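Colleague: Here is my input; please provide its structure:
(2 chains)
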Amino acid sequence: MSSAPAAALTNQHTRRNVTTIVSIVLLALMTLLVVAPLLILFRTSLAPSGELPFESGTYSPDNYIEAVTNPRLLEIVLNTLQYALGSVTIGVLLAFGIAWLVERTDLPGKALVRTLMYSWMAIPPVVLAFGWILLGNPGNGIINVVVRALFGVEGVAFTIYSMSSMIVITGLAIAPTAFSMIAGLLRNMDPQLESAGAVHGASGLGVFRTVTLPLLVPGLMSVGILLFMAMIQAFDLPLVIGLTAKVQVLSTQIFLLANSDISRPDYSLTATFGTFFLVLAAVLMTVYFRVVRLGERFRVVTGKAFRPSKRPLGAWKLPAAVMVGLYFTIMLLPFLVLLWTSFQPFYAIPSWEALSRFTLQNYASVFKERQITRALFNTIILILFSATIVMVLSVMIAWIAVRTKTRVSRALELVSFAPMAIPPVVLAIAILLIYLRTPLYGTIWLIILAHVTAYIAYGTRTMHAALLQIHKELESAALISGAGWFTMLRRVIFPLLLPHILNGWLWVAGHSARDITFPLFLITATNVVAASELYVLWTTPEIPKSSALAIVLVAGLLMLVVPVQIFTSRLELGRSSKSSA
Amino acid sequence: MLRLENLNKYYPPTGEVGAGAMPAPALTDVSLDIAQGEFFTLLGPSGCGKTTTLQCIAGLEHPGTGRITMGDRVVFDSDPGILVPPNKRGLGMVFQSYAIWPHMTVYENVAFPLQHGPRKLPSSTVRTKVQAALERVMLQDYVDRPAPYLSGGQQQRVALARALVSEPSIILLDEPLSNLDAKLRDAMRVELRDLVKALGITTIYVTHDQTEALSMSDRIALMNKGRVVQLGTPEDLYLRPKSAFVAEFVGRSNIIQGKVEQVGVDGRGVVNTAFGPLSCPLPATAQQGQTAELMVRPHGVEILPAGAEAKGANVFAATVGRTSFLGEFFDIELVSADGAIVRVFGSPYQRHETGTAVAFRLPEDRCLVLACRS
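Modeller: Below is the predicted model of the structure:
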């Protein structure tokens, strides 16, 4: 028998059942969410200036010619690269240092360090940025005032409004994210590989240099590139700090084009810049996959249970603990300034005199003013719906990708992963262009739709990894017992994945609450959320009220993140101890 | 009761291999007819297609072509394109990993087929049926225990109770004993067979362990490379293997090459071997001058008492080679003058020193000619 009819035989009986129907429906939905906006974006970039995609009948390359010949384009791209490279270098080095101390040495207070790092998800970067502006603005920033008083110097000692400050602050802010990834790398490394180096004669430093580091390099590279990609796309810190500093990156440039103060927004040129941005991100994505595939060859995650060896720090214990403490103090400073300001009628340097003006008025406004309460209510709707929808879709998409190997499932996997390479500002513009003339525009549901699109890649990726650990026979047993596909999902897959689902839900909820990209691009009077209201108040400027809202937002997120995280770690702990019993 | 007709299946070539690569056949013309209440075993080395066959019966995988009938119900037929999904086939199954859901209690695990199966039963009925199923596997005291708190043997019983609770007419067992320790495995072999036989359920059992297959089955289908190479009772397979593969897979054997010297009229003849002329039954097609492949089990060889002369029919002289004591028997190699080796399992009470001369007999009816070739 020749191979062609043989292959046809196996494909002949592809199951035409529930899973096939579900995967087709999901593929259609994901295509509508992910692919359609990009097509509209591309179409708009070819439309004459000032025309909307659905109204224009002409195609012209004018926008591309204008963008490419604009000397500012090169400057903006270079700024973007410099910003991303600088902040990622700082963030990864910082995170590697702390992660190594926590995972591989006898540093005291490890549990506290881990908890602080993971809880940092609850702090929106804009909030941090606002805190830093209060600390370091060249006029009445606390650092400048203190330096002037101490040394009697005049003028500006330190300014937040510069590229280098922006890089340092972003580096500090992404360190917790980098920490969670790098800690995992270090924890999963078999210490026997290092012991083998030591037994065969290498010194402590020698083992680190010749064994540990080379083994970690591929992992660190992929973490670095992933964060680099995220920072190329970053919008919040460049917006809040970079605009005043007159340092523009691609994302802020696109925002300025779409939200011009002086003229009608030029959507065509915006879409053109967006297309450029998309291409840049896609190139980085390809590089990322190359590196990851390279890293597979060095995989040191063996799946065996082992306890990584802990190196005693000895005399270095105290200095190491102080350094880690210093990092957290620096991280806490902006937050403390905001807390102080939220109890003041107007912004003032901390002093006894200022303390006498202590007031709760700002908090009263946060819970009384209609605009702000609406923003808070919208935020609750936003995070509940986007996180839940993302996780429900992710479990189904990941299941189909892992368990069925059809062309539909591969397409589904690809389309749901694509948003990873779409910068949020680009997606925001594309969604704006599609829905501008629909009743959905101006509602909170449009932001939910945007967040579902933006975060589905994260959701499917984590669920994919979690599902691989579930033995297929657990599912087969349910089917043999007479359960249908949905019953199997509900009674077997969902409960088994619950800790992972909750963690993923938390991540999406946290990111949905802190994101200002989509809320700002899609903002109207009715769909304002806490993050966008924060920005609006700040730029009004109503600094104390904005600070109070920031504190309320962070407190609310902490109240969500901490209990759920405790619950899931208990759930995981309970299951693993039971199965080893 | 259960009929498989001409099942064929090819795995599509994996992505790494070029598109023109020939897909490896997973099943080739597998046809079986299994009777009501039969304990039927699919035996074979890993990758022989036994698990694929079981998965096809379960509906978890699908053959490329062929037909599967359960009772008078066709559950798979490639020609009109009939395909009954696994949850509509009404089967019981015990998986290799047991597949006990770790987030449920013993009760919830066993009750699952009754609660989510095709017939939704009232909860009082469910309770009595689960209770009965757990009593059958002697786990009635573990009803509310969370599944991860069970030992391997207990998990295996839960899996069995879950497979039996909906009273299926066919139960599928996928290497259910392979994860148990040796002692427990011996006990469970007997218990498992008694249980399914008492209930009169048709049982399809997959294993790579010949001891399990021989001790438990009514009939065995030995598979290799996607084909059924021999189908028969345990005695058929052990005593009358049709090929060297079967002989060597089911128990240990001596394969002796020789030349047909003489073909008798009564179906017997003489084959010239390295040890000397050997008289044995010959197949009807055997002709003088052909090369013959003979098989004799190590248990079938008789070592004559010390001092006996190497005289008489099928008695040969040899030197004792390497020996090893296995407790239940002595594993002895006998070496002929020109270096040919016969393996013998002798009595553990009788020691043979390496280097001593012995005489041994290959009893005529224990020598089986597997093949004659020109």
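
Colleague: make it CA atoms for all contacts and neighbour counts henceforth
Modeller: Noted.

Colleague: center of chain B, which residue is that?
Modeller: Nearest to the geometric centre of chain B sits residue B:43, at 3.2 Å (CA atoms, centre = their mean).

Colleague: Over to chain A?
Modeller: Chain A has residue A:511 as the residue nearest its centroid, 6.2 Å off, counting by CA atoms, centre = their mean.

Colleague: got a list of what the residue of the stretch 451-581 of chain A found nearest chain B touches?
Modeller: Minimum separation of the stretch 451-581 of chain A from chain B (CA to the nearest CA) falls at residue A:482, amounting to 3.8 Å. Each residue near residue A:482 by CA atoms under 8 Å, 6 or more residues apart in numbering or on different chains is listed here: B:86, B:87, B:88, B:89, B:90, B:113, B:116, B:117, B:118.

Colleague: what about 6 Å?
Modeller: B:87, B:117, B:118 (CA atoms under 6 Å, 6 or more residues apart in numbering or on different chains).

Colleague: Quick check: the last one vs residue A:268, distance?
Modeller: Distance of residue B:118 to residue A:268, computed by CA to CA, to the nearest Å: 58 Å.

Colleague: Over to the first one?
Modeller: Taken as CA to CA, the spacing of residue B:87 relative to residue A:268 amounts to 54 Å.

Colleague: Tell me who's in contact with residue A:485.
Modeller: Residue A:485 sits next to no residue when contact means CA under 6 Å, 6+ apart.

Colleague: burial measure for the residue of the stretch 101-250 of chain B found nearest chain A, as a count.
Modeller: The nearest approach of the stretch 101-250 of chain B to chain A comes at residue B:117, 4.0 Å away (CA to the nearest CA). If you count neighbours by other CA atoms under 10 Å in any protein chain shown, residue B:117 ends up with 22.

Colleague: Run through the residues that contact it.
Modeller: A:481, A:482, A:483.

Colleague: which non-adjacent residue is nearest it?
Modeller: Of all residues beyond its chain neighbours, the one nearest residue B:117 is residue A:482 (4.0 Å), with distances taken as CA to CA, 6 or more residues apart in numbering or on different chains.

Colleague: Just confirm the one you found is within a strand.
Modeller: No: the assignment for residue A:482 is coil, going by DSSP: H, G, I helix; E, B strand; the rest coil, so no strand is present there.

Colleague: Among the contacts of residue B:117, which one lies nearest to residue A:75?
Modeller: Minimum separation from residue A:75 among the contacts of residue B:117 (CA to CA) is found for residue A:483, which lies at 60.2 Å.

Colleague: shouldn't the closest one be in contact with residue B:116?
Modeller: Yes: with contact defined as CA atoms under 6 Å, residue A:483 and residue B:116 form a contacting pair (5.1 Å).

Colleague: which of those two has more neighbours?
Modeller: In terms of neighbours (other CA under 10 Å), residue A:483 is the more surrounded of residue A:483 and residue B:116; the figures are 25 against 20.

Colleague: separation between that one and residue B:346?
Modeller: Here the criterion is CA to CA. By it, residue A:483 lies 55 Å from residue B:346.

Colleague: cool, and residue B:241?
Modeller: Counting by CA to CA, the gap between residue B:241 and residue B:346 amounts to 22 Å.

Colleague: Next, count neighbours for the nearest residue to residue A:441 once chain neighbours are set aside.
Modeller: Leaving out its chain neighbours, the residue that sits closest to residue A:441 by CA to CA, 6+ apart is residue A:435, at 5.7 Å. If you count neighbours by other CA under 10 Å, residue A:435 ends up with 15.

Colleague: any chance of the contacts of residue A:482 in TSV, plus secondary structure?
Modeller: Conversion of those to TSV gives the following (three-state DSSP):
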residue	secondary structure
B:87	helix
B:117	coil
B:118	coil
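
Colleague: Run through the strands of the stretch 1-150 of chain B in chain order.
Modeller: Along the stretch 1-150 of chain B, counting by DSSP state E, counting those that start in this stretch, strands occupy B:2-10, B:25-34, B:39-43, B:65-70, B:73-77, B:82-83, B:92-94.

Colleague: what about the longest one, distance to the chain center?
Modeller: Counting by CA atoms, centre = their mean, to the nearest Å, strand B:25-34 is centred 15 Å from the centre of its parent chain.

Colleague: Name the strands paired with that strand and say parallel or antiparallel.
Modeller: Sheet partners assigned to strand B:25-34 using DSSP bridges are listed as strand B:2-10 (antiparallel).

Colleague: Grab the longest helix from chain A for me.
Modeller: For chain A, the longest helix by residue count, based on DSSP state H, is helix A:543-580.

Colleague: which helices and strands sit right next to it?
Modeller: Judged by 3 or more CA pairs under 6 Å, 6 or more residues apart in numbering or on different chains; DSSP states H and E, the packing partners of helix A:543-580 are helix A:317-342, helix A:361-368, helix A:530-539.

Colleague: In CSV: those, plus distance to residue A:521.
Modeller: Supplementary listing: the helices and strands packed on helix A:543-580 in CSV, determined by distance: least, CA to CA, whole Å:
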stretch, distance to residue A:521
helix A:317-342, 26
helix A:361-368, 23
helix A:530-539, 10
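
Colleague: can you list those in CSV and add mean neighbour count and mean pLDDT?
Modeller: Written out in CSV, the entries for those read as follows (neighbours: other CA atoms under 10 Å in any protein chain shown; pLDDT from 0 to 100):
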stretch, mean neighbour count, mean pLDDT
helix A:317-342, 17, 90
helix A:361-368, 16, 90
helix A:530-539, 21, 90
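
Colleague: circling back: now the angle from the one helix or strand the residue nearest to the centre of chain A maps to to helix A:530-539?
Modeller: Remark: residue A:511 resides in helix A:494-514, with elements defined by DSSP states H and E. Taking axes from the mean of the first three to the mean of the last three CA atoms, to 10 degrees, helix A:494-514 and helix A:530-539 form an angle of 10 degrees between their directions.
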